[in-house]
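Visitor: could you look at this predicted model? Sequence included:
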Amino acid sequence: MTNTIEDTRAAAAAAEPRYGNWRKPKSFGLFGLSLGATMTAFAWLLTSFVVMMISLPLGWGLLGLGVLVLAPLALRVRGRTLYSLLIANLAFQRGRRRRQHLHLAGPLGVVPGSTHRLPGLLAATNLHEAQDSYGREFGLLEHTGTGQCTAVLRVDSEGSSLVDQDTVDQWVAGWGDWLARLSQVPSLDSVQVTVETAGDSGQRLAAEVDRITSPDSPDLASQVLAEAAADYPAAAAAVHTRVAITWRSQATQGAKPRDLAEMAAEIGARLPALGRDLALTGAGSARPMTVQQLAEATFVAYNPEQADDLDRARGQADISWTSAGPAGVAVEKRDRYLHGGGISVVEAMEEAPRGAVLSSVLSDLLAPHPDFTRKRVVLHYRPHDPGTAATIVERDLRNARSNATQRRTMQARDESDVRAAMQQTDEEASGAGLVSFGLIATATVLDTDQLRTAEATLHNSAAASRLRLRRVYGGQTAAFAIGLGFGIQPEALATLGGLFEGE
């Protein structure tokens, strides 16, 4: 009987669909250099040979100088060149000397207005109130530095527990279709999906029990509700899922940027349809988040120590976007971020899962865990329009073939890369969409003694999900803001490379 059960499980696992074929494009260059660096190296080499004909010592000196200049571009540490690591470290040290790593807000702070303004990248944002075509109010986040606007949908994902595999497969297919259709939406720039987990304080459940309990109710019923309100939060976790959709102010390349009123009208008209289609992905009902809800979510992220107080004051707290920042002193260290009584570490995806994976590949990373006070995992998606997608996949295939032919003997990884690029080209030609993606994970604790355990748990969860994460050294404040999932585009602000796999 045992063998029969094991055989059945093996057959079911074999029949479960697998997903993959994502790849990080590689430029065509020698010794790991980009195409531009390779052409520069050839030009430098040719110039050195010409100079050798005139002065041999001078030519050799020029050649040696070229090696010293270009070698750091070929040497990489965890995916980053030595130049990018050096520049990032110098920028962080320069910011520390200017005391830009400190944020002192509040009545005794140095922030103008004596308010708890948001730090870093979120300081250049404004939150406005708008209405969609159904008459629902929603918060419209304006990114003044990039001319983009973001609307956030709150979804009640159904989860995969006690759901048959056929339904899960339909959800995955629906999610793929939803992402593919985004490339057809005019001026839509990116989508960010955030799954935030935290221990449930029980304040909302207690408030709901108090609201529905009548003084005339039977003693047994009142006792059962009171015990449920006291016991359930001890083992419960609060899970919040939201989808942020960001639009560009320019409808087409080179067009005149639209003003805020025009952006609000277009986003309000498109938001209901996008939210309705999310129901086919297992996300459940999607409702736009209001200004107050966005401000409260941001306040809790920056002030985790006050999360329980906010739950008790739910509906009565008056938190605005200009007062949602960290209380007191927020300090950015090289490998962590101290804010509002909490300590956070932010890590970015360095490598996506290799090979094919099941639909449950991210379950361990997204699941609540008692080692974290709060945890956020944000998936960044950037759909490419059909014309750009065709150009990207053709270039990737050409570069993959060129890199494979550089060696005398083609390695197995080269062959696999060429096959993946060919499959990607065929699928795009058949109408499939092309999406660049990345991931940021943020772990927050309230005590320094918990930090090491939280870091280990985060890496173990990522390993179980076949992901490789990398600490964002020297950029924790910026990564924390990006990891809120409110539409901040790292590739639009970064100067040393992109976050997305596939850049």
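Guide: Yep, that arrived. Numbers count the residues shown, from 1 in each chain.

Visitor: quick check: domain ranges of this protein?
Guide: Domain ranges of the chain: 2-32+75-200+236-493, 201-235, per automatic domain parsing.

Visitor: rank those by mean pLDDT and give me the bottom one.
Guide: Looking at the domains of the chain, the lowest mean pLDDT belongs to domain 201-235 (a mean of 68).

Visitor: one step back: what's the most buried one of the domains of the chain?
Guide: Each of those was scored by mean neighbour count; the highest is domain 2-32+75-200+236-493, a mean of 17, by mean count of other CB atoms under 10 Å. Using the backbone N, CA and C atoms, a C-beta is placed for each residue, glycine as well.

Visitor: now do that one: distance to the chain's middle.
Guide: The gap between where domain 2-32+75-200+236-493 is centred and where its chain is centred comes out at 2 Å by CA atoms, centre = their mean, to the nearest Å.

Visitor: for Thr194, what are its contacts?
Guide: With contact taken as CB atoms under 8 Å, 6 or more residues apart in numbering, Thr194 is in contact with 240-244, 376-379, 484-485.

Visitor: let's verify it: helix, strand, or coil?
Guide: Classification of Thr194 using DSSP: H, G, I helix; E, B strand; the rest coil returns strand.

Visitor: in the sheet, who's paired with it?
Guide: Listed by DSSP bridges, the beta-bridge partners for Thr194 are Arg242, Val378.

Visitor: quick one on the thing from earlier: nearest to Leu65, of the domains of the chain?
Guide: When the domains of the chain are compared for distance to Leu65 using CB to CB, the nearest one is domain 2-32+75-200+236-493, at 15.6 Å.

Visitor: what about the helices in the stretch 1-150 of the chain?
Guide: With helices called from DSSP state H, counting those that start in this stretch, the stretch 1-150 of the chain shows them at 2-15, 35-54, 56-74, 82-97.

Visitor: which one of the ones you listed lies closest to Asp311?
Guide: Closest among those, once you apply CB to CB, is helix 82-97, at 35.0 Å.

Visitor: please name the nearest non-neighbouring residue to Gly487.
Guide: Using CB to CB, 6 or more residues apart in numbering and skipping the chain neighbours, the partner closest in space to Gly487 is Thr150 (3.0 Å).

Visitor: ok, the one you found touching Leu140?
Guide: Yes. The pair Thr150 and Leu140 qualifies as a contact (CB atoms under 8 Å) at a distance of 7.5 Å.

Visitor: if we can go back for a sec, nearest to Ser55, out of the domains of the chain?
Guide: For the domains of the chain, distance to Ser55 was read as CB to CB. The smallest value, 27.1 Å, belongs to domain 2-32+75-200+236-493.

Visitor: about what we covered before: distance to Val393 for the helices of the stretch 1-150 of the chain - can I get that in TSV?
Guide: Formatted as TSV, the entries for the helices of the stretch 1-150 of the chain read as follows, by distance: least, CB to CB, whole Å:
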stretch	distance to Val393
helix 2-15	30
helix 35-54	17
helix 56-74	26
helix 82-97	26
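
Visitor: to Gln250, which of these lies closest?
Guide: Each of these was scored for nearness to Gln250 using CB to CB, and the closest is helix 35-54 (27.4 Å).

Visitor: could I have the CA atoms of that closest one written out in CSV?
Guide: These are the backbone C-alpha positions of helix 35-54, laid out as CSV (Å, rounded to 0.1, in the frame of the first residue of the first chain):
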residue,chain,number,x,y,z
LEU,A,35,30.8,45.1,-26.2
GLY,A,36,31.8,48.7,-25.7
ALA,A,37,34.6,47.8,-23.4
THR,A,38,35.8,45.1,-25.9
MET,A,39,35.9,47.6,-28.7
THR,A,40,37.8,50.0,-26.4
ALA,A,41,40.3,47.3,-25.6
PHE,A,42,40.9,46.5,-29.3
ALA,A,43,41.4,50.2,-30.0
TRP,A,44,43.8,50.6,-27.1
LEU,A,45,45.7,47.5,-28.2
LEU,A,46,46.0,48.8,-31.8
THR,A,47,47.2,52.2,-30.5
SER,A,48,49.8,50.5,-28.3
PHE,A,49,51.2,48.5,-31.2
VAL,A,50,51.5,51.7,-33.3
VAL,A,51,53.3,53.5,-30.4
MET,A,52,55.7,50.5,-30.1
MET,A,53,56.9,51.2,-33.6
ILE,A,54,58.0,54.6,-32.5
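
Visitor: give me the angle between it and helix 56-74.
Guide: Inter-element angle recorded for helix 35-54 and helix 56-74: 170 degrees (by axes from the mean of the first three to the mean of the last three CA atoms, to 10 degrees).
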